[in-house]
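Colleague: this one's structure only:
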């Protein structure tokens, strides 16, 4: 249980299941292609690379844009806006709910109420009210992830030791000053943690919204080419989404370590 | 009476549960009062009363002759056993915080010349508690003793009328604890503080205090343990012993600084 695994060893061990999976895929693909060279369900790596290369370098005859990059930019913009708004809301509302008991009594039930609604069930309402444009998609991400983040942050803030608040008051702090200098800075690392956990659901809502009504985006493309059984596009796109998610997660971890060294124990 | 803090006929009750009953104390400026007593005898309740965190059910508390405000205020400093310093600020930031609060109501952060002045003051205070070299460390990088030194420095920036210590050295090793005794005694004398310290350690209570108060229940009903509250059962005024203690304190301090 308490065995220490060093970095290199951890890397090797972590690569093992991934490699196994890749080899397994190759075997299955090879077997299927030996039987039927025109197989589309389990494409060979070469076919996937060619399909992705085409999307990334050849302009689409209809729109004149490089589809892969246009899809990526559109999706990242929606995701970034949604996550950004959700973070701002979590910080603002979470701090207020966590720090001020009257606000908790007033807003707590509302946040819980919104949090228990499955966000995708709200999607038709969002499309009707906000139209089929970007706003509805961003709104879905915000509604999907913000309530959880708000509740997490509020819980963290209200769990700050009472001694800290009293100490701040004996140092002459007003309620506003306590929020600004004691609660807010200690909520920031937690906000990044909450955002990391929200990334997964945010991608789910992004892809759902794009699948239902869109004309560009990673999710849109996957659901579009599904009609032609184009697994050679779908699989690289899914891998790309996974890569993007991992990169964002790593960026958040790095930002957390760099910006809030005090929150990570006695090292550094 | 010209006592700094007057507690007269105070009761603290939570429903049927009586914690303190008929407690009367007068605490003079410049005294070092140790409060001892068994667990559940209302030591912490008394501290919370003086801190303003709680109000008495009956009776009055006056500070400087004026009724005690019902909120924690800047005239009473406090050091708890734990969580007394802010983990997200360096030692310097923790000590400067008092000036930030006082000087910038809206931003709670000073800038420019006023910040430089607060910084100088805070560095001097850190040096006074023996943390001159630790100004840029975060509490997580400090030992328990250093954190308590920092908590004391932070509280003293307010020049509080009364400094309340809630088992401040309870979580420290014996050696560190002796250092801290020397430090608090020296600060008490140099800055003419009035200190009320709650402790479990009877020896600590007698070595540091000029006055030792024990809280306990006068009557006890085994069928209704909460029926009777605690009050001051002993109130011992000790002979002043500054000379020896001061010498010891200096010895301890120079000892820690050379190591």
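Modeller: That came through, no problem. Only a predicted model underlies this, so the values are computations on that prediction, with no experimental measurement involved. Residues are numbered from 1 along each chain as shown, chains lettered A, B, ... in the order given.

Colleague: and the residue nearest to residue A:225 when sequence neighbours are not counted, how many neighbours?
Modeller: Closest residue in space to residue A:225, ignoring its immediate chain neighbours: residue A:233 at 4.6 Å, by C-beta to C-beta, 6 or more residues apart in numbering or on different chains. For the C-beta atoms, the positions are set from N, CA and C on the backbone; glycine is no exception. Around residue A:233 there are 23 other residues, counting by other C-beta atoms under 10 Å in any protein chain shown.

Colleague: what about residue A:233, helix or strand, and which?
Modeller: helix A:231-259 (DSSP states H and E).

Colleague: any buried residues in that helix, and which?
Modeller: Buried positions in helix A:231-259, judged by neighbour count with 16 or more other C-beta atoms under 10 Å in any protein chain shown: A:231-237, A:240-241, A:244, A:248, A:252, A:256.

Colleague: how about stretch A:167-181?
Modeller: A:167, A:168, A:169, A:170, A:171, A:172, A:173, A:177, A:178, A:179, A:180, A:181.

Colleague: same list, these, but only the ones touching chain B.
Modeller: Subset of the buried residues of stretch A:167-181 in contact with chain B: A:167, A:168, A:169, A:170, A:171, A:172, A:173, A:177, A:180, A:181, counting by C-beta under 8 Å from any C-beta of the partner chain.

Colleague: do I have it right that the third one meets residue B:72?
Modeller: Yes. With the criterion set as C-beta atoms under 8 Å, residue A:169 and residue B:72 qualify as a contacting pair; they are 3.9 Å apart.

Colleague: just checking, what packs against the helix holding residue A:233?
Modeller: Using 3 or more C-beta pairs under 8 Å, 6 or more residues apart in numbering or on different chains; DSSP states H and E, the elements in contact with helix A:231-259 are helix A:45-57, helix A:67-99, helix A:184-212, helix A:218-225.

Colleague: which of those sits closest to residue A:130?
Modeller: helix A:184-212 (10.9 Å; C-beta to C-beta).

Colleague: for that closest one, packing partners?
Modeller: Helix A:184-212 packs on helix A:67-99, helix A:119-130, helix A:134-158, helix A:218-225, helix A:231-259, going by 3+ C-beta pairs under 8 Å, 6+ apart.

Colleague: where in the stretch 1-150 of chain B is pLDDT low?
Modeller: B:1-2 (pLDDT under 70).

Colleague: ok and the residue in the stretch 151-259 of chain B nearest chain A?
Modeller: Nearest to chain A, among the residues of the stretch 151-259 of chain B, is residue B:158, at 6.1 Å (C-beta to the nearest C-beta).

Colleague: and residue 189, how many neighbours?
Modeller: Went with chain A since none was named. 20.

Colleague: you answered for a different chain; I wanted chain B.
Modeller: By other C-beta under 10 Å, neighbour count at residue B:189 equals 15.

Colleague: over to the one 3 residues further on?
Modeller: Other residues lying near residue B:192 total 9 when counted by other C-beta under 10 Å.

Colleague: and if you look at residue A:32?
Modeller: By other C-beta under 10 Å, neighbour count at residue A:32 equals 16.

Colleague: is it true that it touches residue A:41?
Modeller: Yes. Using C-beta under 8 Å, residue A:32 is in contact with residue A:41, at 7.2 Å.

Colleague: what does chain B put close to chain A?
Modeller: Residues of chain B lying near chain A by C-beta under 8 Å from any C-beta: B:51, B:53, B:71-74, B:76-78, B:80, B:82-89, B:97-98, B:100-102, B:105-109, B:138-141, B:151, B:154-155, B:157-158, B:160.

Colleague: and the buried ones among those residues, selectable in PyMOL?
Modeller: Those of those that count as buried under 16+ other C-beta under 10 Å are selected in PyMOL with:
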select buried, chain B and resi 51+53+72+73+74+76+77+78+80+82+83+84+85+86+87+88+89+97+98+100+101+102+108+109+138+139+140+141+151+154+155+157+158+160
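
Colleague: want to throw the buried residues of helix A:231-259 into JSON lines with pLDDT?
Modeller: Output for the buried residues of helix A:231-259, formatted as JSON lines (pLDDT from 0 to 100):
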{"residue": "A:231", "pLDDT": "89"}
{"residue": "A:232", "pLDDT": "89"}
{"residue": "A:233", "pLDDT": "90"}
{"residue": "A:234", "pLDDT": "92"}
{"residue": "A:235", "pLDDT": "91"}
{"residue": "A:236", "pLDDT": "91"}
{"residue": "A:237", "pLDDT": "92"}
{"residue": "A:240", "pLDDT": "93"}
{"residue": "A:241", "pLDDT": "93"}
{"residue": "A:244", "pLDDT": "94"}
{"residue": "A:248", "pLDDT": "95"}
{"residue": "A:252", "pLDDT": "94"}
{"residue": "A:256", "pLDDT": "92"}
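
Colleague: now the most far-flung residue of chain B relative to its centre, what's its secondary structure?
Modeller: Residue farthest from the centre of chain B, counting by C-alpha atoms, centre = their mean, is residue B:223 at 35.6 Å. At residue B:223 the chain is in coil, as set by DSSP: H, G, I helix; E, B strand; the rest coil.

Colleague: ditto for the one 4 residues further on
Modeller: When the structure is reduced to helix, strand and coil (three-state DSSP), residue B:227 reads as coil.

Colleague: state the pLDDT value of it.
Modeller: Looking at residue B:227, its pLDDT is 74.

Colleague: give the contact list for it.
Modeller: By C-beta atoms under 8 Å, 6 or more residues apart in numbering or on different chains, the residues touching residue B:227 are B:16, B:18, B:221.

Colleague: what's the ChimeraX line that selects buried ones from those?
Modeller: Applying 16+ other C-beta under 10 Å to these, the buried members can be selected in ChimeraX as follows:
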select /B:18
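
Colleague: wait, isn't residue A:69 in contact with residue A:59?
Modeller: No. Residue A:69 lies out of contact with residue A:59 (C-beta under 8 Å); the separation is 10.5 Å.

Colleague: now, which of the residues of chain B next to chain A lie within strands?
Modeller: B:76, B:77, B:78 (DSSP state E).

Colleague: quick one: these as CSV, columns for distance to residue B:210 too.
Modeller: Shown next, in CSV, are those (distance: C-beta to C-beta, whole Å):
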residue, distance to residue B:210
B:76, 19
B:77, 19
B:78, 20
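
Colleague: any regions of the stretch 151-259 of chain B where pLDDT drops low?
Modeller: Using pLDDT under 70, the stretch 151-259 of chain B drops low at B:240-259.

Colleague: for it, what spans make up the helices?
Modeller: B:174-190, B:202-208, B:242-258 (DSSP state H, counting those that start in this stretch).

Colleague: give the other helices and strands that the shortest one contacts.
Modeller: For helix B:202-208, the helices and strands in contact under the criterion 3+ C-beta pairs under 8 Å, 6+ apart are strand B:32-36, helix B:174-190.

Colleague: ok, now with 10 Å
Modeller: Applying 3 or more C-beta pairs under 10 Å, 6 or more residues apart in numbering or on different chains; DSSP states H and E, we find helix B:202-208 packed against strand B:32-36, helix B:174-190, strand B:195-198, strand B:211-217, helix B:242-258.

Colleague: buried ones in it?
Modeller: B:204, B:205, B:207, B:208.

Colleague: closest to the centroid, which residue in chain A?
Modeller: The centroid of chain A falls nearest to residue A:199 when counting by C-alpha atoms, centre = their mean (1.8 Å).

Colleague: between the buried residues of stretch A:167-181, which is closest to residue B:128?
Modeller: residue A:171 (17.3 Å).

Colleague: show me what contacts the residue lying farthest from the centre of chain A?
Modeller: Most distant residue from the mean C-alpha position of chain A: residue A:170, 41.1 Å away (C-alpha atoms, centre = their mean). Contacts for residue A:170 (C-beta atoms under 10 Å, 6 or more residues apart in numbering or on different chains) come out as B:51-53, B:71-79, B:98, B:154-155, B:158, B:160, B:163-164.
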